[in-house]
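# Need coordinates for the following:
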Amino acid sequence: MSFECIECQKEFDSLRGLHTHIKKHSMLLGDYYVKHFKRKNKLTGDLLPFKNYDDYFFNDFSQPHQLMEWIDKSPDEDVKEYIAKLLLRRVAKKGLDYGPTQLELITSGLPPIDVYKKHFGSYTEVCKKCKVKPLFSKNLPKEFYNDYSKVKILIDTREQMPLNFKNSEKYKLDVGDYSVEANNYDYTTVDRKSFGDFCSTVTTGYARFCKELDRCKSLGSYMFVVIENSFEEMEQLNKKSYKKFKLNYVYHNMREIQKQYKDCCQFVFSGSRADSIQLIPKILMLGKKLWNTDVEYFWSKHVSNKNK
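Purely as a prediction, here's the structure:
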């Protein structure tokens with residue numbers, strides 16, 4: 001595959017080579033692409049600004065909220081065609097053999113699962129068009145809404161900010177921060193993360209966390225990483241944090257971990273520490289029944305409805 005400079009028709013073997021050459025024309029990359037490949041915002045009709053090559057050619061909006069505005073204002077058939085194309089492009093670009101999770105969709109600039117369900121009847125249906133199945137395809141089991149508050153929760157002795165369960169005991173766990181006694185154990189563990197801990201774990205602590213997941217996998221276990229805030233709070237928490245994180249990088253690494261450990265790990269934003277106290281016993285008691293359920297999708301709806 002070759003790349004031609006439109007300014008002088010010289011060809012290059014790589015995009016990097018072309019980009020290095022463009023500087024010889026005393027042009028910035030943005031100036032070059034906006035001059036020769038004008039792209040317009042699908043909602044406003046304004047010219048799209050150039051940030052980087054991938055962003056310029058794969059995004060049709062300049063602000064994240066504009067996609068949803070366009071969806072709300074556009075004919076159903078136009079929306080179906082466009083959002084299916086977005087999903088197919090994501091699957092192909094990332095080499096996925098599954099339909100992305102709720103968190104992957106919303107952190108990658110795609111519509112959430114409910115939008116696909118509204119326009120296609122189900123998320124599974126649109127995934128079929130991409131020749132994949134959703135990574136998590138099961139609904140919540142009926143028992144999810146049972147009261148598990150009296151179940152004894154085992155808390156790892158190294159857990160620095162343990163949650164205050166009604167019934168708990170300190171115990172040195174092989175993996176994770178929370179588990180249950182042997183008679184209830186279903187090869188499922190929970191790793192609790194505060195905002196800062198989560199961001200650090202998937203960035204500077206990436207390799208170390210992967211080793212912990214390798215150990216989890218070797219034990220035949222499954223880890224739910226429960227972050228004790230809502231996803232919607234991430235930007236605000238980052239602004240208030242003494243240490244600022246590049247959230248796009250945080251989300252990228254979270255998606256990479258999910259992809260690499262799709263058979264033994266998923267992430268859930270609980271909403272708060274109080275919500276975590278409710279959620280964690282449910283996860284631990286239901287165990288394998290939740291391994292193929294997008295818990296983040298269902299739990300975020302539960303918390304949202306509760307707070308209305």
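# Quick check: nearest residue in space to residue 96, chain neighbours excluded?
residue 132 (6.6 Å; C-beta to C-beta, 6 or more residues apart in numbering). (Each C-beta comes from the backbone N, C-alpha and C, glycine too.)
# close enough to count as contact, the one you found and residue 90?
No - contact criterion C-beta atoms under 8 Å: residue 132 and residue 90 do not qualify, at 10.3 Å.
# anything in contact with each of the two?
Overlap of the contact sets of residue 132 and residue 90 (by C-beta atoms under 8 Å, 6 or more residues apart in numbering) consists of residue 96.
# okay, the nearest residue to residue 64 once chain neighbours are set aside: pLDDT?
Sequence neighbours aside, residue 109 is the residue nearest to residue 64 in space, at 6.3 Å (criterion: C-beta to C-beta, 6+ apart). You'll see residue 109 listed with a pLDDT of 92.
# Could you check how far residue 109 is from residue 60?
10 Å (C-beta to C-beta, to the nearest Å).
# and if you look at residue 214?
39 Å.
# So between the two, which is more surrounded?
Between residue 214 and residue 60, counting by other C-beta atoms under 10 Å, residue 60 is the more crowded of the two (17 against 14).
# Could you list which residues are in contact with the more buried one?
So residue 60 contacts 39, 41-42, 48, 67 (C-beta under 8 Å, 6+ apart).
# What's the local residue count around residue 15?
Quick note: residue 15 (other C-beta under 10 Å) scores 11 neighbours.
# Got the phi and psi for it?
Here is the backbone geometry of residue 15 (degrees, to the nearest 10): phi -70, psi -40.
# got the contact list for it?
Residue 15 touches 3, 53, counting by C-beta under 8 Å, 6+ apart.
# From residue 34, how far off is it?
From residue 15 to residue 34 the distance is 17 Å (C-beta to C-beta).
# ok, now residue 161?
49 Å.
# surely residue 191 meets residue 227?
No - in this structure, residue 191 is not within contact of residue 227 by C-beta under 8 Å, at 9.6 Å.
# Low-confidence stretches in the stretch 201-308 of the chain?
304, 307-308 (pLDDT under 70).
# the strands in it, which residues?
Taking DSSP state E, counting those that start in this stretch as the test, the strands found in the stretch 201-308 of the chain are 222-227, 265-269.
# would TSV of those strands with mean neighbour count and distance to residue 277 be doable?
Formatted as TSV, these follow (neighbours: other C-beta atoms under 10 Å; distance: least, C-beta to C-beta, whole Å):
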stretch	mean neighbour count	distance to residue 277
strand 222-227	24	10
strand 265-269	24	14
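# Pipe those strands into CSV and attach distance to residue 95 per row.
Shown next, in CSV, are the strands of the stretch 201-308 of the chain (distance: least, C-beta to C-beta, whole Å):
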stretch, distance to residue 95
strand 222-227, 23
strand 265-269, 19
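# Can you say which of those is nearest to residue 10?
Closest approach to residue 10 among the strands of the stretch 201-308 of the chain is made by strand 265-269 (46.2 Å; C-beta to C-beta).
# got the contact list for that closest one?
101, 103, 136, 213, 216, 222-227, 229-231, 254, 257-258, 279, 283, 294-296, 299-300.
# ok, now stretch 191-203?
Contacts of stretch 191-203 (C-beta under 8 Å, 6+ apart): 159, 161, 163, 175-178, 208-209, 212, 223-229, 233-234, 237-238, 241, 243, 245, 247, 249-250, 253-254, 257, 276, 280.
# Take these and keep only those in helices.
208-209, 212, 234, 237-238, 247, 249-250, 253-254, 257, 276, 280 (DSSP state H).
# Which two of those have the greatest separation?
249 and 280 (27.4 Å).
# And the two? Which one has more around it.
residue 280 (25 against 12).
# Please report how far the residue lying farthest from the centre of the chain lies from residue 118.
Distance from the C-alpha centroid of the chain, by C-alpha atoms, centre = their mean, peaks at residue 8 (42.2 Å). Residue 8 is 49 Å from residue 118, where distance means C-beta to C-beta.
# All good on my end, thank you.
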